[in-house]
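Q: Give me coordinates for this.
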Amino acid sequence: MNPGSSDKLANQMAEIAALDRAECLDRWRAAFGRPPPKYLSPQFMRRVLIWEMQNKALGGVSAKTTRRLKQTAAGKSVPASATPGSHLVREWNGRTYQVEVIDGGYVMDGKSWRSLSAIAKHITGAHWSGPRFFGVQ
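A: Coordinates of the predicted model:
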């Protein structure tokens, strides 16, 4: 990539980072041809939109990643690791839950949690294996 392309990419990222919710919804529809899942936060939508823009500008994802994404979209469980910085998304009873993996725990809706199982119990009201509930190993 040449230096001019790098500047253009940085400008596009800054533009996306400044979008409000309505603009995120419009940009999402333009990028993916459909509205986003319900309850996605503007912050999460901006991250996905930036990732998609970078993906198009810098090249596609690997065949392995494409395969995993298709499995996930089809509702199949896909083994994955939960490393700090990862975001886990799970839909339950019509609501989409987002969990960010941090060092030593997890964050959901601004609250810190020590385990995925505690989050799964909070969401469902029943004892679940948190990693199984979120599809990670």
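
Q: tell me the pLDDT at the residue lying closest to Arg95 once chain neighbours are set aside?
A: In this structure, Arg95 finds its nearest non-sequential neighbour in Tyr39, 5.6 Å apart by C-beta to C-beta, 6 or more residues apart in numbering. Backbone N, C-alpha and C define where each C-beta goes, glycine included. Looking at Tyr39, its pLDDT stands at 86.

Q: again, but for Pro79
A: For Pro79, pLDDT reads 57.

Q: likewise the one 4 residues further on?
A: According to the model's per-residue confidence, Thr83 sits at a pLDDT of 83.

Q: List the residues that contact it.
A: Residues in contact with Thr83 (C-beta atoms under 8 Å, 6 or more residues apart in numbering) are Val101.

Q: Surely it forms part of a strand?
A: No: Thr83 is assigned coil when assessed by DSSP: H, G, I helix; E, B strand; the rest coil, not a strand.
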